[in-house]
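# prediction below, plus the sequence it came from.
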Amino acid sequence: MVLVLTAALLHASWNAMVKASGDREITLATIALGHVVFGAVLAAFVPLPGWQAAPWIAASTVIHWGYYWAIFHGYRLGDLSLVYPISRGTAPMLVALGAFVVLGEAVGGAEAVGIFAISAGVLLLAVGSIRRGVDPNAVLLGLALGVIIASYSVVDGTGARLAESSLAYIAWLFICEGFVAFWLLWRRRRDLRAMGVRSWSFGLAGGVASALAYGLAIHAKTIAPVALVSALRETSVIIAALIGTLLFAERPLLPRLLASCVVVLGIVVIALA
């Protein structure tokens with residue numbers, strides 16, 4: 001629980017950094033580059049993950065391309081306190097289904113109630129936002145992010161278990177994100193000269209925070225059921241909702257916080273179970 005809650009705090013924080021950035025594409029590129037740096041350092045101290053994990057690393061790398069695309073456009077069209085809770089809240093139910101199909105993991109009645117509550121809170125947020133005139137594409141991108149998150153959660157949970165070391169899996173997954181980083185940086189190479197040390201430091205720091213958050217989550221999936229780790233990690237929706245409404249002045253405040261609290265209620269049920 002400590003590992004996953006720490007990951008939740010780090011994850012909400014780096015998403016807020018992307019939302020607050022003036023140039024989200026370059027920020028995402030430097031965050032991906034931060035993953036590469038983190039992975040390269042980690043790889044120096046762990047063994048190779050083994051060939052049996054290679055297909056899962058490749059699959060996760062491709063899925064993360066879609067993740068970066070969706071997160072860029074999601075925060076372009078919608079608020080942090082809208083897109084983030086929708087994307088993170090839809091994932092637990094999908095992860096539970098995927099973990100049951102792929103890994104044969106089944107959850108008990110209390111856990112199922114908690115996962116349902118998480119998803120109900122997300123639906124309340126989505127329906128309420130559409131009624132208030134929020135761009136439906138922002139909601140759709142949030143839902144698409146949820147599908148993508150569920151996909152890489154199941155893939156990485158499986159790959160980390162097949163690898164000889166979960167840390168080795170994490171290291172090489174981050175190294176493979178270099179394809180994303182270098183492609184984005186090549187696209188914007190003319191703008192890189194105008195970036196100061198502060199901008200590079202900002203992005204790389206976000207990348208290290210993101211890498212550490214996901215690394216903690218992947219390691220937790222090797223010692224606890226994938227579906228429950230994924231659900232517990234969604235405590236980050238409250239952090240993101242508070243950052244969005246209090247620091248970024250996103251509105252309406254009360255409905256978004258209430259919907260996020262429904263999500264947390266589901267998380268508490270899972271934790272007690």
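That came through, no problem.

# low-confidence ranges, the stretch 101-250 of the chain, go.
In the prediction, the stretch 101-250 of the chain carries residues with pLDDT under 70 at positions 129-130, 196-199, 227, 230.

# ok, which stretches of it are helices?
109-131, 136-162, 166-176, 178-187, 189-192, 197-221, 226-233, 236-242 (DSSP state H, counting those that start in this stretch).

# okay, and residue 73 sits in which element?
Taking DSSP states H and E as the criterion, residue 73 maps to helix 54-77.

# ugh, typo on my part, it should be residue 265
With DSSP H and E as the criterion, residue 265 is inside helix 253-272.

# how far away from the center of its chain is that helix?
18 Å (Cα atoms, centre = their mean, to the nearest Å).

# please list the residues outside that helix that contact it.
1, 81-82, 85, 89, 92, 110-111, 113-122, 124-125, 128, 228, 231-232, 234-235, 237-238, 241-242, 244-245, 250 (Cβ atoms under 8 Å, 6 or more residues apart in numbering). C-beta: built from backbone N, CA, C; applies to glycine.

# buried subset of these?
81-82, 85, 89, 92, 111, 113-115, 117-122, 124-125, 128, 228, 231-232, 234-235, 237-238, 241-242, 244-245, 250 (16 or more other Cβ atoms under 10 Å).

# just give the closest residue to residue 6, not the sequence neighbours.
residue 216 (6.0 Å; Cβ to Cβ, 6 or more residues apart in numbering).

# how far away is that neighbour from residue 265?
Distance from residue 216 to residue 265, counting by Cβ to Cβ, to the nearest Å: 24 Å.

# neighbour-wise, which of the two wins?
residue 216 (22 against 16; other Cβ atoms under 10 Å).

# these two touch, right, residue 60 and residue 158?
No. Applying Cβ atoms under 8 Å as the test, residue 60 and residue 158 come out as separate, 9.8 Å apart.

# comparing those two, which residue is more hemmed in?
Neighbour count, other Cβ under 10 Å: between residue 60 and residue 158, residue 60 has more, with 24 against 20.

# residue contacts, that one?
152, 155, 156, 159, 173, 176.

# also residue 193?
Counting by Cβ under 8 Å, 6+ apart, residue 193 has no contacts.

# buried residues in stretch 23-42?
24-39, 42.

# I meant stretch 3-11, not that one.
Buried, per 16+ other Cβ under 10 Å, within stretch 3-11: 3, 4, 5, 6, 7, 8, 10, 11.
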